[in-house]
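Trainee: The sequence isn't on hand, but the structure is:
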């Protein structure tokens, strides 16, 4: 590894803007690293698409980021993480980290009762991605998954403390509370935006797992092992690319990222596809 | 027009399942007509896609329905209605009815104050499709548009009477009440599912316009004029096609349609595209 490889950015992609909560965690865990984000906002959501389409899009997104010279990849999308990572690892020779494995590992580490709850979109929960991963690591664990489809639009509306958000959280989470879980995985990158409400409704005794935090720690260890951590003594820069700029994009991005995005580059789908 | 043309079905397409509320209205206005529905559930939502993509998909959907021998087409999707209808009319020689024009016309007919509210997805409201159409018909009308992004997932969750739904409706609609509107267009095919809550929150003096009702009346007149109304003395049959079968599809479809769907045919995207 030569010196310049260390200065290369980390690439992050998501089907949309949820992955910006992961960028926030990554920048806080690894402040000296530069980050290039790609949000496939023109083709969101991935959850309703076939496995082969999700794999194809994930390969296109990765190739796009590789042209930006990334040294490692974070797949900041639960759907793409659960479906495309084996293919991406086979095709591309850089460290590739998803959401599911780090989140599952951290949940098992934090849980004492081994009764773990998982909340996510209907697609993620339908695939039982976290359950399978947790059971693979510890076959005696109990996993309860619950889809919470209204949490994504509530997060995008920015209704962080709205009375309706509390009532919706109560409706979704009461079942998990009854199962006696002690750990709850936020299995969708939008959900950390609502973590205060979720924590208040589920109760303070239950540990929330943010897969963005978990994956940031894993990539830090991985880059250390490969001597690929940046050795520059200054804050990294961040660049943002999307395949479409939806209405209210800037406000939602600011909420998710915790700071203002000065500039967002729009990538034409034709470019993405032709790089394939 | 020969006798057998009258017996042909009416085609209806939508980007997903919202258009089933339109099928419900159509079947109630024209009980003897047969209906073929196509929901492009694999490529939903259209609202975040470029105009040229929405036109391309709309042409593919129409060609698919034409192969099923339809005599007329209802575009039961507000986004496709506002973007693709001129192209569809140029390409295909059957009666084609969208949501916007009938909804706008009915709103103007019902309003006394000419102060009209429109609620819809962020995409529909962003395009000001209803405002433009209403102003074209009556330049002195006042139109207030308000996006209500949480109404689609609330309708799909089936939370018709939930306390959270009332609070969300209150938050969205208070602004429109303050403008002194007397008519409110439900500018999204999902919203009739929530019409009771919307009516209760906005107040009984305000007339709700269901574009599905409006377009059903327009297509009835159109078919009458062309002597294309079915002359069979029995209830029409309905067939359902989708490009993907998402989780919970049957329950949501039943809620939207008001009755059970016995069988849904899945159409491969490759078939849709190759017919293009």
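Mentor: Sure, I can see it. Small disclaimer: the values here were computed from a predicted structure and weren't measured.
Trainee: What is the burial count for the closest residue in space to residue A:111 that isn't next to it in sequence?
Mentor: Nearest-residue entry for residue A:111: residue A:183, 4.1 Å, with adjacent residues in sequence omitted and distances by C-beta to C-beta, 6 or more residues apart in numbering or on different chains. Yep, even glycine has a C-beta here, placed from its N, CA and C like the rest. Residue A:183 has 22 neighbours, counted by other C-beta atoms under 10 Å in any protein chain shown.
Trainee: avg pLDDT for stretch A:88-106?
Mentor: What stretch A:88-106 shows for mean pLDDT is 98.
Trainee: residues touching the residue nearest in space to the middle of chain A, list them.
Mentor: The centroid of chain A falls nearest to residue A:76 when counting by C-alpha atoms, centre = their mean (3.3 Å). Applying C-beta atoms under 8 Å, 6 or more residues apart in numbering or on different chains, we find residue A:76 in contact with A:12-14, A:18-19, A:22-23, A:99, A:189, A:212, A:215.
Trainee: among those, who's most crowded?
Mentor: Each of these was scored for neighbours by other C-beta under 10 Å, and residue A:99 scores highest at 34 neighbours.
Trainee: Assess the claim that that residue and residue A:186 are in contact.
Mentor: No - counting by C-beta atoms under 8 Å, residue A:99 stays clear of residue A:186, with 9.8 Å between them.
Trainee: Could you name every residue contacting both of these two?
Mentor: residue A:211.
Trainee: Pretty sure residue A:265 sits against residue A:238.
Mentor: No - contact criterion C-beta under 8 Å: residue A:265 and residue A:238 do not qualify, at 11.9 Å.
Trainee: Look at the two and report which has more neighbours.
Mentor: residue A:238 (20 against 11).
Trainee: Surely that one is in contact with residue A:37?
Mentor: Yes - between residue A:238 and residue A:37 there is a contact under C-beta under 8 Å: 6.9 Å.
Trainee: Identify the contacts common to the two.
Mentor: By C-beta under 8 Å, 6+ apart, the residues touching both residue A:238 and residue A:37 are residue A:23.
Trainee: where does residue A:134 fall, helix, sheet strand or coil?
Mentor: What DSSP: H, G, I helix; E, B strand; the rest coil gives for residue A:134 is helix.
Trainee: Now it. Nearest residue, chain neighbours left out?
Mentor: Nearest one to residue A:134, counting by C-beta to C-beta, 6+ apart, is residue A:104 at 4.6 Å.
Trainee: ok, now residue A:101?
Mentor: Nearest residue to residue A:101, sequence neighbours excluded (C-beta to C-beta, 6+ apart): residue A:133, at 5.9 Å.
Trainee: Ok, residue A:26 next?
Mentor: Using C-beta to C-beta, 6+ apart, the nearest residue to residue A:26 is residue A:216, at 4.7 Å.
Trainee: same deal with residue A:176?
Mentor: Spatial nearest neighbour of residue A:176, excluding adjacent residues (C-beta to C-beta, 6+ apart): residue A:117 at 4.2 Å.
Trainee: Contacts for stretch A:21-34, please.
Mentor: With contact meaning C-beta under 8 Å, 6+ apart, stretch A:21-34 is reached by A:7-10, A:12, A:14, A:35, A:37, A:74, A:76, A:99, A:189-190, A:192-193, A:210-213, A:215-217, A:219-220, A:223, A:229-230, A:232-239, A:256-258.
Trainee: So which of those sit within helices?
Mentor: Secondary structure defined by DSSP state H assigns A:211-213, A:215-217, A:219-220, A:223, A:256-257 of the contacts of stretch A:21-34 to helices.
Trainee: Let me know the closest of those residues to residue B:80.
Mentor: Using C-beta to C-beta, residue A:256 comes nearest to residue B:80 of the ones in helices among the contacts of stretch A:21-34, at 29.6 Å.
Trainee: Strands of chain A, residue ranges please.
Mentor: A:10-14, A:35-39, A:72-75, A:96-97, A:115-120, A:142-147, A:183-186, A:207-210, A:238-242, A:265-266 (DSSP state E).
Trainee: and the stretch 101-250 of chain A, which residues reach chain B?
Mentor: Proximity of the stretch 101-250 of chain A to chain B (C-beta under 8 Å from any C-beta of the partner chain) is limited to residues A:122-123, A:126, A:147, A:149-150, A:152-154, A:156-157, A:162-164, A:167-168, A:171, A:244, A:246-248.
Trainee: Look at the residue nearest to residue A:134 and say how many residues are nearby.
Mentor: Residues near residue A:104, counting by other C-beta under 10 Å: 29.
Trainee: Check the gap between it and residue A:97 for me.
Mentor: As judged by C-beta to C-beta, to the nearest Å, residue A:104 and residue A:97 stand 13 Å apart.
Trainee: same thing with residue A:138?
Mentor: To residue A:97, residue A:138 is 21 Å away according to C-beta to C-beta.
Trainee: More neighbours: those two, which one.
Mentor: The neighbour count for residue A:138 versus residue A:97, taken as other C-beta under 10 Å, is higher for residue A:97 (26 against 15).
Trainee: if I read this right, the more buried one contacts residue A:218, doesn't it?
Mentor: Yes - using C-beta under 8 Å, residue A:97 is in contact with residue A:218, at 5.4 Å.
Trainee: what's the span of stretch A:124-139, first residue to last?
Mentor: 20 Å (C-alpha to C-alpha, to the nearest Å).
Trainee: what comes into contact with that stretch?
Mentor: A:47, A:78-79, A:81-83, A:100-101, A:103-105, A:107-108, A:114, A:116, A:118-120, A:141, A:143, A:145-147, A:185, A:187-188, B:247.
Trainee: if you set the cut-off to 7 Å instead, what comes out?
Mentor: A:47, A:78-79, A:82, A:100-101, A:103-105, A:107-108, A:114, A:116, A:118, A:141, A:143, A:145-147, A:185, A:187-188, B:247 (C-beta atoms under 7 Å, 6 or more residues apart in numbering or on different chains).
Trainee: So residue A:235 versus residue A:8, what's the distance?
Mentor: 16 Å.
Trainee: What's the mean pLDDT across stretch A:124-133?
Mentor: 94.
Trainee: if we can go back for a sec, buried ones among the residues of the stretch 101-250 of chain A next to chain B?
Mentor: Buried by 16 or more other C-beta atoms under 10 Å in any protein chain shown: A:122-123, A:147, A:149-150, A:152-154, A:156-157, A:162, A:164, A:167-168, A:171, A:244, A:246-248, out of those.
Trainee: Would you check that residue A:228 makes contact with residue A:5?
Mentor: Yes - here residue A:228 reaches residue A:5: they are 6.2 Å apart, a contact under C-beta atoms under 7 Å.
Trainee: more neighbours, those two?
Mentor: residue A:228 (21 against 13).
Trainee: ok, now which ones touch that one?
Mentor: A:1, A:5-6, A:71-72 are the contacts of residue A:228 under C-beta under 7 Å, 6+ apart.
Trainee: ok, of those, which one's closest to chain B?
Mentor: residue A:72 (29.3 Å; C-beta to the nearest C-beta).
Trainee: On the pLDDT front, check that closest one for me.
Mentor: What the model reports as pLDDT for residue A:72 is 98.
Trainee: Can you give me the buried ones in stretch A:214-221?
Mentor: Those would be A:214-220, for stretch A:214-221 by 16+ other C-beta under 10 Å.
Trainee: Dump the residues you listed to TSV, plus pLDDT.
Mentor: Listed next are those as TSV, based on pLDDT from 0 to 100:
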residue	pLDDT
A:214	98
A:215	98
A:216	98
A:217	97
A:218	98
A:219	98
A:220	98
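Trainee: Now for the residues you listed: which two are most distant?
Mentor: Once C-beta to C-beta is applied, these give A:214 and A:220 as the farthest pair, at 11.0 Å.
Trainee: ok, residue A:232 touching residue A:9?
Mentor: No - assessed by C-beta under 7 Å, residue A:232 is found out of contact with residue A:9, at 11.7 Å.
Trainee: neighbour-wise, which of the two wins?
Mentor: residue A:9 (21 against 12).
Trainee: Can you report how many residues neighbour the closest residue to that one other than its chain neighbours?
Mentor: Nearest residue to residue A:9, sequence neighbours excluded (C-beta to C-beta, 6+ apart): residue A:34, at 3.9 Å. The tally of other residues near residue A:34 (other C-beta under 10 Å) stands at 19.
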